[in-house]
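In: Sequence and predicted structure below; questions after.
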Amino acid sequence: MINKTHIPKWILPVIVLSQFCGTSLWFSSNAVLQDLSNHFSLPENALAHITSAVQFGFITGTLVFAILSIADRFSPSKVFAISALIAAVFNGVIIWNHHTLTSILILRFLTGFFLAGIYPVGMKIAADYYDKGLGKSLGFLVGALVLGTAFPHLLHGFTEQLPWKTILIITSIIAVSGGFLLYFLVPDGPYRTKSPALNLSVIPKIFKDKSFKAAAFGYFGHMWELYAFWAFVPFIITAYTIIHPNNSLNIAISSFVVIAIGAFACVIGGYISLYKGVKKTALVSLTLSGLFCVISPLLFMIPSQALFLTILSLWGMVVIADSPMFSTLVAQNAPPIYKGTALTIVNCIGFAITIISIQILLLLQSYLDVKYLLLILAIGPIFGIISICKST
């Protein structure tokens, strides 16, 4: 066991790198969706269904992990490594040539299920190592999630000559590497408190705390917007190029920039929280992302593609910067022995909300002009802002 007073400097970088590697599985199929659609003759609405399958798998996984208190009862590093290995296998199996949409959705569901042992467990490991300055540490960790999410877009954008199967294989290998790297280099943290036994009554109890409830509700509002925005970034950029045919944006590279730049916002927000406080930092970020939702129709009217991409990238920054802040508030206000369970169940509910917002956007896509579609996302930030303000 590592001493609380002397935590090696390489611990956080290894956790961050492993988190990046594991979460690169999240949108791997989205990055090669056009190739998948052509190869397997998928319908036009496959994007939303494939994205939702991963989210639904993650929700199911986090629910199972939370009910069984997996991250609190067993070594988080082992849970992370095993989950990364299994998720990578399900991601890689998509390269088989005889899939249907149903089988692809099942594989993406199973990948999402074991991502539940990567993302929230990675945060649990960080919380087991860093008591003070947790917001800064989780800023790096969520930044890794953002880069992992965006990475397949970059890989596809710069390697269009490579077969789509190669991209899936690469992301699977990276995920396995990250899992074993964390397992061998990051033992259980000094602040870890092992849960003594399975306790199914803990979940409703932790929501009775007013501060915990406010942090969780703020996170839920944030999640209404986040993954719907990420999933539809390629669609937003494509729609812009159709409206402004004289502009030529590389969809994959532009999508990577808009999503990946959020990683820097997470890190910057983590440092800001040291001086301005975690709650205030979260509130400012959530308010700014809500404003971008409200003004989103104006984005498509911008004639300059550079200005369009700049504003969309600013949205990509503030839409995620509050995520490590909310996770910090959840971890700080949860019972110590059930910190992992609290983080996992909040993730579970939050990602359930992402499915609803993504499917609503998909449904409204047939009825609303693309310019007004993203206004729906403002519901989440408004709800989150109200929840936070009520608790102060």
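Out: Structure's in. What do you need?
In: What's the first helix or strand after the host helix or strand of residue 348?
Out: Per DSSP states H and E: residue 348 is located in helix 339-364. Remark: after helix 339-364, the chain's next helix or strand is helix 370-373, criterion DSSP H and E.
In: can you pull out the helices in the stretch 51-200 of the chain?
Out: Along the stretch 51-200 of the chain, counting by DSSP state H, counting those that start in this stretch, helices occupy 70-73, 76-92, 101-115, 119-129, 134-158, 164-185.
In: among those helices, which is nearest residue 309?
Out: Closest to residue 309 of these is helix 134-158 (Cβ to Cβ; 13.9 Å). C-beta: built from backbone N, CA, C; applies to glycine.
In: in the closest one, what counts as buried?
Out: Within helix 134-158, the residues that count as buried by 16 or more other Cβ atoms under 10 Å are 134-157.
In: That helix packs against which elements?
Out: For helix 134-158, the packing partners by 3 or more Cβ pairs under 8 Å, 6 or more residues apart in numbering; DSSP states H and E come out as helix 11-23, helix 28-31, helix 119-129, helix 164-185, helix 251-276, helix 323-332.
In: quick one, which of those helices is nearest to residue 361?
Out: Residue 361 lies closest to helix 28-31 among the helices and strands packed on helix 134-158, at 14.5 Å (Cβ to Cβ).
In: tell me which residues in stretch 51-65 are buried?
Out: In stretch 51-65, counting by 16+ other Cβ under 10 Å, buried: 51-63, 65.
In: Same check on stretch 121-128?
Out: Applying a neighbour-count criterion of 16+ other Cβ under 10 Å, one finds 121, 122, 123, 124, 125, 126, 127, 128 buried in stretch 121-128.
In: How about the last one, nearest residue that isn't a chain neighbour?
Out: Which is residue 128. Once flanking residues are discounted, residue 128 sits nearest to residue 189: 2.9 Å by Cβ to Cβ, 6 or more residues apart in numbering.
In: With the fifth one instead?
Out: Distance criterion Cβ to Cβ, 6+ apart; nearest residue to residue 125, sequence neighbours excluded, is residue 76 at 4.8 Å.
In: Local confidence estimate at residue 37?
Out: With respect to pLDDT, residue 37 scores 79.
In: Show the contacting residues for it.
Out: residue 46 (Cβ atoms under 8 Å, 6 or more residues apart in numbering).
In: quick one: it from residue 110, how far?
Out: Distance, residue 37 to residue 110, by Cβ to Cβ, to the nearest Å: 21 Å.
In: How about residue 388?
Out: 35 Å.
In: With residue 122 instead?
Out: Taking Cβ to Cβ, one finds residue 122 at 19 Å from residue 110.
In: Let me know the outermost residue of this protein.
Out: residue 246 (33.5 Å; Cα atoms, centre = their mean).
In: distance of it from residue 170?
Out: 35 Å.
In: ok so, going back, which of the buried residues of stretch 121-128 lies closest to residue 251?
Out: residue 122 (29.5 Å).
In: For the closest one, which non-adjacent residue is spatially closest?
Out: Nearest to residue 122 is residue 19, by Cβ to Cβ, 6+ apart, at 4.4 Å.
In: excluding its backbone neighbours, what's nearest residue 350?
Out: Closest to residue 350 by Cβ to Cβ, 6+ apart is residue 223, at 3.8 Å.
In: helices and strands around the helix or strand that contains that neighbour, which ones?
Out: Residue 223 is part of helix 210-243, with elements assigned from DSSP H and E. Counting contacts by 3+ Cβ pairs under 8 Å, 6+ apart, helix 210-243 packs against helix 46-67, helix 251-276, helix 278-299, helix 305-321, helix 323-332, helix 339-364, helix 370-373, helix 379-391.
In: Could you give me the buried positions within it?
Out: 212-241.
In: Now that helix: average pLDDT?
Out: Taken as a whole, helix 210-243 has an average pLDDT of 91.
In: can you check stretch 358-378 too?
Out: What stretch 358-378 shows for mean pLDDT is 89.
In: again, but for stretch 286-297
Out: If you average the pLDDT values across stretch 286-297, you get 96.
In: that older thread, ok, now which ones touch the residue nearest to residue 128?
Out: 2, 125, 127, 128, 129.
In: next one: residue 214
Out: The contact partners of residue 214, by Cβ under 8 Å, 6+ apart, come to 329, 387, 388, 390, 391.
In: Dump the helices of the stretch 51-200 of the chain to TSV, plus distance to residue 350 and mean pLDDT.
Out: Converted to TSV, those look like this (distance: least, Cβ to Cβ, whole Å; pLDDT from 0 to 100):
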stretch	distance to residue 350	mean pLDDT
helix 70-73	16	81
helix 76-92	18	95
helix 101-115	13	93
helix 119-129	10	85
helix 134-158	13	78
helix 164-185	22	92
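In: what's the closest of the ones you listed to residue 250?
Out: Among those, helix 134-158 comes nearest to residue 250, with 6.0 Å by Cβ to Cβ.
In: ok and the closest one relative to helix 210-243, angle-wise?
Out: 20 degrees (axes from the mean of the first three to the mean of the last three Cα atoms, to 10 degrees).
In: Could you pull up the contacting residues of residue 344?
Out: Counting by Cβ under 8 Å, 6+ apart, residue 344 makes contact with 62, 65, 66, 70, 71, 116, 120, 121, 124.
In: and of these, the nearest to residue 206?
Out: Nearest to residue 206 among these, counting by Cβ to Cβ, is residue 66 at 10.2 Å.
In: right, and that closest one touches residue 204 too?
Out: No: at 11.8 Å, residue 66 and residue 204 do not qualify as touching, with contact defined as Cβ atoms under 8 Å.
In: who's more crowded, these two?
Out: Remark: of residue 66 and residue 204, residue 66 carries more neighbours, 26 against 8, as counted by other Cβ atoms under 10 Å.
In: related to what we said a few turns ago, could you export the helices and strands packed on helix 134-158 to TSV, including columns for distance to residue 104?
Out: Shown next, in TSV, are those (distance: least, Cβ to Cβ, whole Å):
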stretch	distance to residue 104
helix 11-23	20
helix 28-31	7
helix 119-129	22
helix 164-185	11
helix 251-276	20
helix 323-332	28
